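K.L.:
Have a look; sequence and predicted model below, questions after that.
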Amino acid sequence: MLEIESLGVSYGKTPILRDIDITVDDGEIVGIMGKNGVGKTTLVKAVMGLLEASDGRIVFDGDVVVDATEASADDASNGVTGHLATALGLGSTAGTWVSADERARRGMGYIPQGRDVFPELTVRENLKMGESINEDDDEVRYEDVYDYFPILEERRSQEAGTLSGGQQQMLAIGRALIGNPDLLLLDEPSEGVQPSIVQDITRDLQQVNRDLGTTILFVEQNLHVVQHLAERCYAIDKGTIVDELGPDRMQEREAVTEYLAV
Ligand SMILES: Nc1ncnc2c1ncn2[C@@H]1O[C@H](COP(=O)(O)OP(=O)(O)OP(=O)(O)O)[C@@H](O)[C@H]1O
């Protein structure tokens, strides 16, 4: 489903990620854990196409969406990257670069850190936003979303800004599901969510994975989510992958907390 090979990402001239290798198989739930500021958000944004790569490749569902392996040092040091660079034609990616919109159309669903729901729109209107990336697909999953998150149906006419943090997270996940993604990318789904609701959301995401076959890649620094949601997990530190934990090691508290700020 997803292959990340030797990925490098820089903000201007400052390298943030280097030599990232990650593989996610079809139907898997894979976690990436790490402390504050190690590059988790940068990684998810690069996968989604919101930041350009300065090096490496990303293959999604058999298609190359990023190939920056040919990028020259000169290109990478022009000091402008990301959306702006793309708009100006100054991107550091010399080879293939598929836009975020196109990646969404091809099946990537993105749930950003902090959720980014539209606070003045109703729950239903927020969910409807998810349809825009599902234009050609008749199967719009309101019933599924309301089954997983009944509170969203109950509150469908309420402004999203009045929901709790946990309910907003459910709304952001629901909005992504309306787009019918093959791969869900989640950036710290536990942030700003009370612990009991974190457990609910963890369970709901597992159910989505089981029922719909949606592959899930998430970044987190919450112990519960890492241990209960991921089937296996990478650890990231200082912008690079430093460890990979299978199911057995992930249940050893110390093996996981070493990479988390707990
Ligand atoms: N727009 C930016 N310009 C320059 N540096 C940035 C920018 N955004 C993030 N950084 C830096 O990149 C590094 C990685 O940040 P990133 O947000 O990816 O980390 P993170 O692991 O997601 O952190 P957190 O858990 O706090 O969200 C940090 O040192 C951060 O200061």
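P.N.:
Sure thing, it's come through. Numbers count the residues shown, from 1 in each chain.
K.L.:
now residue 241, what's its secondary structure?
P.N.:
strand (DSSP: H, G, I helix; E, B strand; the rest coil).
K.L.:
Identify the bridge partners of it.
P.N.:
residue 236 (DSSP bridges).
K.L.:
Around it, count how many other residues there are.
P.N.:
Per other C-beta atoms under 10 Å, the neighbour tally for residue 241 reads 21. Every C-beta, even on glycine, is put in place using the N, C-alpha and C of the backbone.
K.L.:
Hmm, residue 23 and it touching each other?
P.N.:
No. In this structure, residue 241 is not within contact of residue 23 by C-beta atoms under 8 Å, at 11.1 Å.
K.L.:
what do these two both touch?
P.N.:
Here residue 241 and residue 23 have no joint contacts, going by C-beta atoms under 8 Å, 6 or more residues apart in numbering.
K.L.:
Below-threshold pLDDT in the stretch 1-150 of the chain: ranges please.
P.N.:
70-94, 134-140 (pLDDT under 70).
K.L.:
For it, which segments count as strands?
P.N.:
2-11, 14-24, 29-33, 55-60, 63-67, 108-111 (DSSP state E, counting those that start in this stretch).
K.L.:
Tell me what the most centrally placed residue in the chain is bridged to.
P.N.:
Nearest residue to the geometric centre of the chain (C-alpha atoms, centre = their mean): residue 185, 2.3 Å. As for beta bridges, residue 185 partners with residue 110, residue 217 under DSSP bridges.
K.L.:
burial of residue 213, as a residue count?
P.N.:
Around residue 213 there are 10 residues (other C-beta under 10 Å).
K.L.:
Give me the pLDDT for it.
P.N.:
Looking at residue 213, its pLDDT is 94.
K.L.:
How much space separates the closest residue to residue 259 other than its chain neighbours from the ligand?
P.N.:
Spatial nearest neighbour of residue 259, excluding adjacent residues (C-beta to C-beta, 6 or more residues apart in numbering): residue 235 at 4.0 Å. From residue 235 across to the ligand, the span is 12 Å (C-beta to the nearest ligand atom, to the nearest Å).
K.L.:
residues contacting residue 235?
P.N.:
For residue 235, the contact set (C-beta under 8 Å, 6+ apart) comprises 32, 33, 34, 241, 242, 243, 244, 245, 258, 259.
K.L.:
now do 6 Å
P.N.:
Applying C-beta atoms under 6 Å, 6 or more residues apart in numbering to residue 235 gives the contacts 33, 242, 243, 259.
K.L.:
Phi, psi for the residue of the stretch 151-262 of the chain found nearest the ligand please.
P.N.:
For the stretch 151-262 of the chain and the ligand, the shortest gap (C-beta to the nearest ligand atom) falls at residue 221, measuring 6.0 Å. Main-chain dihedrals, residue 221, degrees, to the nearest 10: phi -130, psi 20.
K.L.:
Was I right to think it contacts residue 257?
P.N.:
No. Look at residue 221 against residue 257 with C-beta atoms under 6 Å: they stay out of range, at 10.2 Å.
K.L.:
which one of the two has more residues nearby?
P.N.:
For residue 221 versus residue 257, neighbours defined as other C-beta under 10 Å are more numerous around residue 221 (19 against 14).
K.L.:
Give the full set of residues in contact with that one.
P.N.:
Counted by C-beta under 6 Å, 6+ apart, residue 221 has contacts 260, 261.
K.L.:
any idea of the pLDDT on it?
P.N.:
pLDDT, residue 221: 94.
K.L.:
Same check on the one 3 residues further on?
P.N.:
The predicted local confidence for residue 224 comes out at a pLDDT of 93.
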